[in-house]
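**Student:** Pasting a predicted model and its sequence here:
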Amino acid sequence: MDTSSGGNMRSRAWSIDINGEPYIGLQSGSTQFRIQFNIDVSPGSSVSYADIRLYNLNKVSGIANGASIILKAGYTDNIDAIFTGTVTNVLREREPGAPEIITRLICRSGSAAVDRGSAQVSLGPGARVEEAIRALAREWPIPIDIDNEQFADDQPMARGYHADGDIPKAMDNLAYDYKFVWLQHMGRMYVTKPEMKRNSTAIKINQLTGMIGIPEITRGPYGLGVFVSAQLNPSIMVSSVIDLKSEFATYNTGNLYLSEVQPEAVPVGEYNVFALRYSGDSHSDTWKVDIDGIRWGAKPDTRSVSTPENGKLIWIGVIKEPYEPFKAKVISIAKGLSVDPNWLMAVMAFETGEKFSPGVLNGAGSGAIGLIQFVPSTAVGLGTTTQRLARMTAVQQLDYVEKYYKPFSGRMRNLGDAYMAVFWKAGIGRPDSYVLFTSADPAYEKNKTLDRGNKGYITRGDCLVFVNAAFEKGGNFAK
């Protein structure tokens, strides 16, 4: 049993539907069934993902790949769907040393019918971006959640708008040009500008409404973001606004050692929900939602890591003459991505061993190459190969650095986010305490040297030590 505000006792509740029919009916309190779930909802990923574990199901109670699934969870007085989508893989597992058989469902939002929709859209001169977005949604087809007022200041498209082909790619291109994020979740497409005011009633998060632990201030010393956990509430969606109030906070402000935390960095006020993680275990205390919020009206914090107002860029001094074209291009790319150009320089310095060579190879033998260590599959996805990248000049290869980073535009709030986009995408926007790998993950062994203190797991903060050091050292070579 769980305690909520006012001291009332509430029972956790959940159910699963498969292909539109009840599969496991409403469960509450202690039941014969056990479920564990982790659901990640992060704009910029295009879709949300669910990892659902069901214990000791009858072996013949099979669920086929491609089945539609709805997971409802919450409490008996507040239960609703927190994930709808498609089962992509069904795995039968057994935990070491335990008798239970686990049916593990790997799922993604959406369905096969709308995964990679194709559109033919043509709008005349003067069309607005929100019209183009709605037209793409109709072509998909998928319901859409969008607030036209967030796009009121965007200029009309002088030449109109034309799209012919893959809808997610068309959405990614619009998102880059007009600085919004989008996501498929719960059978809908959500489109939002995270820093702009939303017309939503704020959901109160405080000690009396189920807040768990202490909020963490994020995204720079001015407190532009917050990471907070609360009792699982299906009403909290990726389009929601939270009204947070906490007397205490911890701090993860990017390069904290470079900047002084400002008085306004307090966990009080309204935040737009940017990303969510629902997690639960019906046989333990875990039944919560982790919320990554952005203070509306905020802009990406470049003050915390910017060089002085003299036009200098870190690390430029190590680049062979003439360095001006490289410097100008990095600044231009950063402007398009809404990030500080020094973040990109720090990432490239670390990834190339401070050489900034387009042909530098990964020392671990992964086949990765170049300014941000493109792996072969990534290079192919960007329309090239590692062999071609190696033959380019550093300035030419920057075109592919920009192309790689483009889907993450609007999501990178500090140097750590810029590095996570290259190292481990799931770490973007997460607090430094976020665990990327545990000793049970194959990726842990490959990156074991990052585990400070031999904890048995690697956090985002562990991974940022070296790129933060590269940023600080790069100031010695600013020009």
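**Tutor:** Sure, I can see it.
**Student:** okay, CA-based contacts and neighbour counts for the rest of this
**Tutor:** Noted.
**Student:** From residue 327, how far off is the residue in the chain sticking out farthest from the centre?
**Tutor:** Most distant from the centre of the chain: residue 321, at 37.6 Å, with distances by C-alpha atoms, centre = their mean. Per C-alpha to C-alpha, to the nearest Å, residue 321 is found 11 Å from residue 327.
**Student:** got it, and residue 141?
**Tutor:** 43 Å.
**Student:** right, and residue 427 touches residue 436 too?
**Tutor:** Yes. Between residue 427 and residue 436 there is a contact under C-alpha atoms under 8 Å: 7.0 Å.
**Student:** Name the residues contacting each of the two.
**Tutor:** Residues touching both residue 427 and residue 436 (C-alpha atoms under 8 Å, 6 or more residues apart in numbering): residue 460.
**Student:** Strand partners (parallel or antiparallel) of the one helix or strand residue 183 maps to?
**Tutor:** If you go by DSSP states H and E, residue 183 is part of strand 181-185. Partners of strand 181-185 in the sheet, by DSSP bridges, are strand 46-47 (parallel), strand 188-192 (antiparallel).
**Student:** which SS class is residue 217?
**Tutor:** Here residue 217 is strand, with the state taken from DSSP: H, G, I helix; E, B strand; the rest coil.
**Student:** Local confidence estimate at residue 292?
**Tutor:** Note for residue 292: predicted pLDDT of 88.
**Student:** A strand includes it, no?
**Tutor:** Yes. Counting by three-state DSSP, residue 292 is located in a strand.
**Student:** Could you check how far it is from residue 19?
**Tutor:** Distance from residue 292 to residue 19, by C-alpha to C-alpha: 31 Å.
**Student:** okay, those two: which has more neighbours?
**Tutor:** A count of neighbours by other C-alpha atoms under 10 Å puts residue 292 above the other of residue 292 and residue 19, at 24 against 13.
**Student:** And that one, how far from residue 188?
**Tutor:** On the measure of C-alpha to C-alpha, residue 292 and residue 188 end up 20 Å apart.
**Student:** cool, and residue 49?
**Tutor:** The gap separating residue 49 from residue 188 is 14 Å, by C-alpha to C-alpha.
**Student:** likewise residue 120?
**Tutor:** Taken as C-alpha to C-alpha, the span from residue 120 to residue 188 is 20 Å.
**Student:** out of those two, which sits in the busier spot?
**Tutor:** Neighbour count, other C-alpha under 10 Å: between residue 120 and residue 188, residue 188 has more, with 17 against 13.
**Student:** So the more buried one is in contact with residue 140, correct?
**Tutor:** No. Using C-alpha under 8 Å, residue 188 is not in contact with residue 140; the gap is 11.0 Å.
**Student:** Can you show me the CA trace of the strand holding residue 183 as CSV?
**Tutor:** Presented in CSV, the C-alpha positions along strand 181-185 are these (Å, rounded to 0.1, in the frame of the first residue of the first chain):
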residue,chain,number,x,y,z
VAL,A,181,10.7,19.2,-30.7
TRP,A,182,8.2,16.4,-31.6
LEU,A,183,7.4,12.9,-30.4
GLN,A,184,5.0,10.0,-31.1
HIS,A,185,3.4,8.9,-27.8
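**Student:** Give me the distance from that strand to the chain's centre.
**Tutor:** Using C-alpha atoms, centre = their mean, to the nearest Å, the mean C-alpha position of strand 181-185 is found 11 Å from that of the whole chain.
**Student:** Kindly report the same for stretch 78-92.
**Tutor:** Distance, centroid of stretch 78-92 to centroid of chain: 19 Å (C-alpha atoms, centre = their mean).
**Student:** Have a look at residue 141 and residue 327 and say which one is more surrounded.
**Tutor:** Neighbour count, other C-alpha under 10 Å: between residue 141 and residue 327, residue 327 has more, with 20 against 17.
**Student:** Residue 343 versus that one, what's the distance?
**Tutor:** Distance from residue 327 to residue 343, counting by C-alpha to C-alpha: 13 Å.
**Student:** now swap in residue 249 and tell me
**Tutor:** Applying C-alpha to C-alpha to residue 249 and residue 343 gives a distance of 26 Å.
**Student:** Compare these two and say which is more crowded by neighbours.
**Tutor:** Applying other C-alpha under 10 Å to residue 249 and residue 343 shows that residue 343 carries more neighbours, namely 27 against 18.
**Student:** Skip the chain neighbours and tell me the closest residue to that one.
**Tutor:** residue 415 (5.1 Å; C-alpha to C-alpha, 6 or more residues apart in numbering).
**Student:** count of neighbours near that neighbour?
**Tutor:** Neighbour count for residue 415, taken as other C-alpha under 10 Å: 28.
**Student:** I'd say it and residue 341 touch.
**Tutor:** No. Using C-alpha under 8 Å as the test, residue 415 is too far from residue 341 to be in contact (9.9 Å).
**Student:** neighbours around the nearest residue to residue 456 once chain neighbours are set aside, how many?
**Tutor:** Excluding the flanking residues, the one nearest residue 456 by C-alpha to C-alpha, 6+ apart is residue 439, at 5.3 Å. Number of residues near residue 439 (other C-alpha under 10 Å) recorded here: 14.
**Student:** same check, this time on residue 362
**Tutor:** Neighbour count of residue 362, defined by other C-alpha under 10 Å: 17.
**Student:** Distance of it relative to residue 161?
**Tutor:** 41 Å.
**Student:** again, but for residue 104
**Tutor:** 43 Å.
**Student:** Now residue 133. Nearest residue, chain neighbours left out?
**Tutor:** Excluding its sequence neighbours, the residue lying closest to residue 133 (C-alpha to C-alpha, 6+ apart) is residue 171, at 7.3 Å.
**Student:** To clarify, my last question referred to residue 395.
**Tutor:** Closest residue to residue 395 apart from its sequence neighbours, by C-alpha to C-alpha, 6+ apart: residue 326 at 5.4 Å.
**Student:** and the one you found, what helix or strand is that in?
**Tutor:** helix 324-337.
**Student:** That helix - contacts with which helices or strands?
**Tutor:** If you count contacts as 3 or more C-alpha pairs under 8 Å, 6 or more residues apart in numbering; DSSP states H and E, helix 324-337 packs onto helix 167-178, helix 341-351, helix 394-405.
**Student:** what are the C-alpha coordinates of the longest strand anywhere in the chain, in CSV please?
**Tutor:** Determined from DSSP state E, the single longest strand within the chain is strand 78-94. C-alpha atoms of strand 78-94 as CSV (Å, rounded to 0.1, in the frame of the first residue of the first chain):
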residue,chain,number,x,y,z
ASN,A,78,-6.1,7.7,-10.7
ILE,A,79,-5.3,5.1,-13.3
ASP,A,80,-4.9,5.6,-17.0
ALA,A,81,-2.8,4.6,-20.0
ILE,A,82,0.9,5.5,-19.7
PHE,A,83,1.9,3.7,-22.8
THR,A,84,0.3,2.6,-26.1
GLY,A,85,2.2,1.1,-28.9
THR,A,86,3.5,-2.0,-30.6
VAL,A,87,5.4,-5.0,-29.2
THR,A,88,8.7,-5.3,-31.2
ASN,A,89,10.2,-8.2,-29.4
VAL,A,90,9.0,-10.9,-26.9
LEU,A,91,11.8,-12.5,-24.8
ARG,A,92,11.6,-15.3,-22.3
GLU,A,93,14.2,-14.9,-19.6
ARG,A,94,15.2,-16.3,-16.2
